[in-house]
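K.L.:
Let's see this in three dimensions:
(2 chains)
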Amino acid sequence: MSGERFQDRRGQSESTTGARGDDGRFLGCLTEAALQGLADGTVRGPERYLADQHLAECDRCSTELAAFSILSARLSALKDPPLPHDFTAAVLAAVELREHVRDARHRALLSALPALLIAIGVLFAWAFAAQPAERVRDLVVGATVFQRVCEATFSVLQAARLPLGAAALVFLVGVLALLGRALAKVRAPSAARF
Amino acid sequence: MDTALSLPLPLTDSLPARPACPADEAAWARAAAAGDKSAFGRLVERHKAPVYGLCYRLLGAADEARDAAQETFVRAYLGMKDFDDGQPFASWALRIARNHCIDQIRRRRPTLILAGEAREQDTSGVAPELADKQAMGGEQAMQEREAQRDLDRAIMKLSPRYREVISLFHLHHKSYAEIAEVLAVPMGTVMTWLHRARKELRAQMSEHLS
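P.N.:
This next block holds a predicted model:
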């Protein structure tokens, strides 16, 4: 594994064993990863000791290490532009505004509830009422084309009357559940505020 | 004795456990989830610098970064009920910031280069403390400032993921584990990105590093 960290002067990687001399010291140059670790101080213990031994003898690695050390120091010296002093206050104001918009949206949804319920009720009643096509036909006497379109449409709808009614029921239940949840969400923050 | 790995390991020998949320932050987060805005304000105060820093390094413009940081905290507050106080708030907020900035970058890709160019003329992000160094000679101080400015530009030329790791590791002193948590990648990937980022910076900054 350490062969990736230590490589010979021709740039070829060698294993730890292969790169060592008889006295246990590393013979090859340190890789960039190792040099970066040394510059950061994340290389420690025997590995650091061996690397230091190598650095004492190798100008190339010493120069590289110096470059990475300067780079690390420069990176640590960088600063982001300062944030405005009222940043936190601005965040809290934005939160307040966003909550207000969300509450307003919920209120609008709730105010639309009666109209929605009536519309669904009408659809439901119509789906189960008798002969709606004839009633409409009475209303549009004379408008032949419209009458035919209506007849065609209603005959299709008549056939699908029960499924439509069932779908309306399911939709109604879903809408009521969603509105119930929305109501709970609107009430909870209000309670916390007061 | 088998000593080394290919990349420097963190200071702890064993694999680090998932970073935990400090007790005070967990309490603030719970209070904020219940609607306590002052508790949330404390969280903002503590974490605004790294969140803004990450936004700044990703977006490259101070104004955009400030707006992105603000949006990050607003989203954090609105989603506070989903926050797991077993994890650090910082990681969670930084993840929100990162996702928001990536969305911004995708949306504004055609203007990003222009923003980066405009920023090159803005020296406000470059080591302001250097100007205060009275002991440093005028010419040396100027060279130092120029080097920091070049480094700033070099960072902006890196890919976003490299900018992220550089910002979090060097500017905000996050550990490998914390960065891995934020970026949702293995720790080895963080080390690899950091290594490659510094290698690129080393190549770009060669004249200032000799």
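K.L.:
What values do phi and psi take at residue A:30?
P.N.:
Backbone torsions for residue A:30, taken as degrees, to the nearest 10, come to phi -80, psi 150.
K.L.:
Kindly confirm whether my reading is correct that it touches residue A:51.
P.N.:
Yes - counting by CB atoms under 8 Å, residue A:51 is a contact partner of residue A:30 at 6.1 Å. Yep, even glycine has a C-beta here, placed from its N, CA and C like the rest.
K.L.:
of those two, who's got more company?
P.N.:
residue A:30 (26 against 23; other CB atoms under 10 Å in any protein chain shown).
K.L.:
related to what we said a few turns ago, pull up the overlap in contacts between residue A:30 and residue A:51.
P.N.:
residue A:38 (CB atoms under 8 Å, 6 or more residues apart in numbering or on different chains).
K.L.:
nearest spatial neighbour of residue B:157, skipping sequence neighbours?
P.N.:
residue B:204 (6.8 Å; CB to CB, 6 or more residues apart in numbering or on different chains).
K.L.:
okay but that neighbour is in contact with residue B:155, surely?
P.N.:
No - Residue B:204 lies out of contact with residue B:155 (CB under 8 Å); the separation is 9.2 Å.
K.L.:
higher neighbour count, the two?
P.N.:
Neighbours per residue, other CB under 10 Å: of residue B:204 and residue B:155, the larger number sits with residue B:155, 24 against 17.
K.L.:
mind listing what that one touches?
P.N.:
The neighbours of residue B:155, taking CB under 8 Å, 6+ apart as the test, are A:78, B:57, B:163, B:166-167, B:201.
K.L.:
Now those residues in a markdown table, please, with extra columns for secondary structure.
P.N.:
Converted to a markdown table, those look like this (DSSP: H, G, I helix; E, B strand; the rest coil):
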| residue | secondary structure |
| --- | --- |
| A:78 | coil |
| B:57 | helix |
| B:163 | helix |
| B:166 | helix |
| B:167 | helix |
| B:201 | helix |
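K.L.:
Pick out the least confidently modelled helix or strand of chain A, by mean pLDDT.
P.N.:
The least trusted helix or strand in chain A, going by mean pLDDT, DSSP states H and E, turns out to be helix A:16-19, with a mean of 37.
K.L.:
So, low pLDDT: which residues of the chain?
P.N.:
This is for chain A. Applying pLDDT under 70 to chain A picks out residues A:1-27, A:127-143, A:145, A:184-194.
K.L.:
Chain B, not that one
P.N.:
In chain B, residues with pLDDT under 70: B:1-20, B:109-137, B:210.
K.L.:
show me where it has helices.
P.N.:
Along chain B, counting by DSSP state H, helices occupy B:23-33, B:37-59, B:62-78, B:89-107, B:109-120, B:138-157, B:160-166, B:176-183, B:187-204.
K.L.:
ok, now chain A?
P.N.:
Taking DSSP H as the criterion, chain A contains helices spanning A:16-19, A:32-40, A:45-57, A:59-77, A:87-111, A:113-128, A:132-139, A:144-159, A:161-193.
K.L.:
and those, which is most packed in?
P.N.:
Most buried of the helices of chain A, by mean neighbour count (mean count of other CB atoms under 10 Å in any protein chain shown): helix A:32-40, with a mean of 23.
K.L.:
ok, the closest residue to chain B within chain A to residue B:195 distance?
P.N.:
Residue of chain A nearest chain B, by CB to the nearest CB: residue A:37 (2.7 Å). For residue A:37, the distance to residue B:195 equals 9 Å [CB to CB, to the nearest Å].
K.L.:
give the contact list for residue B:80.
P.N.:
Residue B:80 touches B:29, B:32-33, B:40, counting by CB under 8 Å, 6+ apart.
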